[in-house]
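Novice: Predicted model and sequence follow; I will ask about them next.
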There are 2 protein chains.
Amino acid sequence: MTHNYKIEFEKFFSYSLSVDCLIFGFEEGEIKLLLIKRNMDPFKGDWAIPGDLVYPEEDLEEAASRILFDLTNIKNIELHQSQTFGKPDRHPQGRVITCAYFAMVKIDEVNAIASSWANEVKWVPIQRIPKLAFDHNEIFNSSLELLRIKLSNEPICFDLLPDKFTLNELQQLYEYAYKVNLNKANFRKKIKPIPLIEHNEKQKNVKHRPAKLFSFDEHKFEKLVNQRNFRFKM
Amino acid sequence: MTHNYKIEFEKFFSYSLSVDCLIFGFEEGEIKLLLIKRNMDPFKGDWAIPGDLVYPEEDLEEAASRILFDLTNIKNIELHQSQTFGKPDRHPQGRVITCAYFAMVKIDEVNAIASSWANEVKWVPIQRIPKLAFDHNEIFNSSLELLRIKLSNEPICFDLLPDKFTLNELQQLYEYAYKVNLNKANFRKKIKPIPLIEHNEKQKNVKHRPAKLFSFDEHKFEKLVNQRNFRFKM
DNA sequence: TTAATTATTTTACTATTTACAATAAGTCAA
DNA sequence: TTGACTTATTGTAAATAGTAAAATAATTAA
């Protein structure tokens, strides 16, 4: 063996573990990431991805939930594991390995408020993320890649959109995510197989013909996936 | 802040970190995983995914390379990060977080030999993986899912196949990975856009019309990806 | 030389995607 | 109330991709 647990115990059990939570939302045609302003050293005053150290008895995902709530007041959201970052010098105060988690939320339904050692929170469009604390820019880039992959293979776009949305908003979301322009008529044809609930309600306070509002029919979607050979693909 | 680095230093810097390497290969129509037999406690005598503790000054991927070489004699392969596992009780001797890496190799080009604390190595078809040490079955399942996703979005199938392969072998690889049967003529149409080098050589020692041998044209592939809007999709 | 086996190509058909045009439905201001 | 304006929604034809089945080619073995 390349080591011996008993002799080298202290040498090997000397690392620390953190989680970072990348919370994505969609607002005014832009996909945004939730950032906090650090109230403490290191990187005091810098913007960062919300994250903190994991307790010794805590599971990783459990820690992510707790820490996200402590810093931003957001709770009860589904967190997905992203990549883990462990360069020996990534944290100035010791060997801290961080495991990134990400989630898609409806910005108007979660109520992000800075607390604990976060001074401020803000939603920043993913195309305008500033220089962040630690290696958080690297963490962001790799998680964004994962978000894009998920967007094209799972119906997570509906986690980002409000409960009732227009088809144009859905299109804008994909256009922004992939930095492309899509044809409206063809986009609607493409999403035909996805089960949506059509509401009688319409868009309000717009200066033009208001668009119909839709919701994702999750129940019907699950049925399709299980019964037929249905697969979400965008 | 939910803690203070100086006061709680020992409490938080008390974790250990390991990496586990999932090495996939392809042989006789089956995708296989490389396992080692543990020569030491805990789980002495059990089959496991090759892995060990990371040194304090070592980067994660660097550690994965070193450990893989120590245990199996395999080196110079490209490792991709998979998921991280950190349940508080996953390791009987303390809080050990493990970061999984995986790789696709050509079985006949790497020379897997057990060394260090590995008693034996063997290639096991992924559809017949036994009960493994620790939470290694969970790690395997989640990494296999990732392998499937990669197989359909990146040309990693050619990392598994020998340098020169028949189109039937390529098809068998996908059939085994997804547990499906594919139509031979249609499969060939589907792979038409992928640039392959056609050799004059043919299969040998077969009792029937030998198939032509092909290689992946990596250079042409890169050109396609960069110049046009080409995307690998299976 | 012929049967058997598998590799590879061809054909015809069906479904999906794309580009573009046309029509419908609402808002706003005169 | 009308018509200009904006956006939603539907329609159509061409191009592309996917599917099923049959035809042809190359090799081995008897």
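Specialist: Received it, and whenever you're ready, just let me know what you need.
Novice: hey, let's count contacts and neighbours off CA atoms from now on
Specialist: Noted.
Novice: residues contacting residue A:163?
Specialist: Contact analysis of residue A:163 by Cα atoms under 8 Å, 6 or more residues apart in numbering or on different chains lists A:215-216.
Novice: Check for me that it belongs to a strand.
Specialist: No. Secondary structure of residue A:163 (DSSP: H, G, I helix; E, B strand; the rest coil): coil, not part of a strand.
Novice: What does the pLDDT read for it?
Specialist: Predicted confidence (pLDDT) for residue A:163: 91.
Novice: Distance from the top helix by length along chain A to the middle of the chain?
Specialist: The longest helix of chain A (DSSP state H) is helix A:136-153. Relative to its parent chain, helix A:136-153 has a centroid offset of 9 Å by Cα atoms, centre = their mean, to the nearest Å.
Novice: Show me what it is packed against.
Specialist: strand A:80-85, strand A:96-104 (3 or more Cα pairs under 8 Å, 6 or more residues apart in numbering or on different chains; DSSP states H and E).
Novice: what angle do that helix and strand A:80-85 make?
Specialist: Here helix A:136-153 runs at an angle of 140 degrees relative to strand A:80-85 (axes from the mean of the first three to the mean of the last three Cα atoms, to 10 degrees).
Novice: Of all the residues in helix A:136-153, which ones are buried?
Specialist: A:136-137, A:139-140, A:143-144, A:147, A:151 (16 or more other Cα atoms under 10 Å in any protein chain shown).
Novice: Which parts of chain A are strands?
Specialist: Here chain A has its strands, by DSSP state E, at A:16-27, A:30-38, A:47-48, A:51-53, A:80-85, A:96-104, A:118-125, A:196-202, A:212-216.
Novice: Dump those strands into a markdown table; add distance to chain B and mean pLDDT as well.
Specialist: Formatted as a markdown table, the strands of chain A follow (distance: least, Cα to the nearest Cα, whole Å; pLDDT from 0 to 100):
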| stretch | distance to chain B | mean pLDDT |
| --- | --- | --- |
| strand A:16-27 | 4 | 96 |
| strand A:30-38 | 10 | 97 |
| strand A:47-48 | 15 | 98 |
| strand A:51-53 | 7 | 96 |
| strand A:80-85 | 7 | 98 |
| strand A:96-104 | 7 | 97 |
| strand A:118-125 | 8 | 97 |
| strand A:196-202 | 27 | 86 |
| strand A:212-216 | 25 | 90 |
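Novice: quick revisit: please produce a markdown table containing the helices and strands packed on helix A:136-153, extended by distance to DNA strand D.
Specialist: Below are the helices and strands packed on helix A:136-153 laid out as a markdown table (distance: least, Cα to the nearest atom of the strand, whole Å):
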| stretch | distance to DNA strand D |
| --- | --- |
| strand A:80-85 | 29 |
| strand A:96-104 | 24 |
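Novice: Can I get those strands in CSV including mean neighbour count?
Specialist: Output for the helices and strands packed on helix A:136-153, formatted as CSV (neighbours: other Cα atoms under 10 Å in any protein chain shown):
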stretch, mean neighbour count
strand A:80-85, 20
strand A:96-104, 24
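Novice: Can you say which of the ones you listed is nearest to residue B:51?
Specialist: strand A:80-85 (16.6 Å; Cα to Cα).
Novice: Which elements pack onto that closest one?
Specialist: Strand A:80-85 packs on strand A:96-104, helix A:136-153, strand B:80-85, going by 3+ Cα pairs under 8 Å, 6+ apart.
Novice: Ok, which of these comes nearest DNA strand C?
Specialist: helix A:136-153 (12.4 Å; Cα to the nearest atom of the strand).
Novice: Can you confirm whether that closest one lies near DNA strand C?
Specialist: No. Using Cα under 7 Å from any atom of the strand, helix A:136-153 never reaches DNA strand C; the gap is at least 12.4 Å.
Novice: Put the alpha carbons of that helix into PDB.
Specialist: Coordinates of each C-alpha in helix A:136-153 appear next as PDB, following Å, rounded to 0.1, in the frame of the first residue of the first chain:
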ATOM      1  CA  HIS A 136     -15.300  30.600  -8.700                       C
ATOM      2  CA  ASN A 137     -15.100  31.700 -12.300                       C
ATOM      3  CA  GLU A 138     -13.800  28.200 -13.300                       C
ATOM      4  CA  ILE A 139     -16.500  26.600 -11.200                       C
ATOM      5  CA  PHE A 140     -19.100  28.800 -13.000                       C
ATOM      6  CA  ASN A 141     -17.900  27.900 -16.500                       C
ATOM      7  CA  SER A 142     -17.900  24.200 -15.900                       C
ATOM      8  CA  SER A 143     -21.300  24.300 -14.300                       C
ATOM      9  CA  LEU A 144     -22.700  26.400 -17.100                       C
ATOM     10  CA  GLU A 145     -21.600  23.800 -19.600                       C
ATOM     11  CA  LEU A 146     -23.500  21.200 -17.500                       C
ATOM     12  CA  LEU A 147     -26.600  23.500 -17.500                       C
ATOM     13  CA  ARG A 148     -26.500  23.700 -21.300                       C
ATOM     14  CA  ILE A 149     -26.300  19.900 -21.500                       C
ATOM     15  CA  LYS A 150     -29.200  19.500 -19.100                       C
ATOM     16  CA  LEU A 151     -31.300  22.100 -21.000                       C
ATOM     17  CA  SER A 152     -31.100  20.000 -24.100                       C
ATOM     18  CA  ASN A 153     -31.800  16.700 -22.500                       C
END
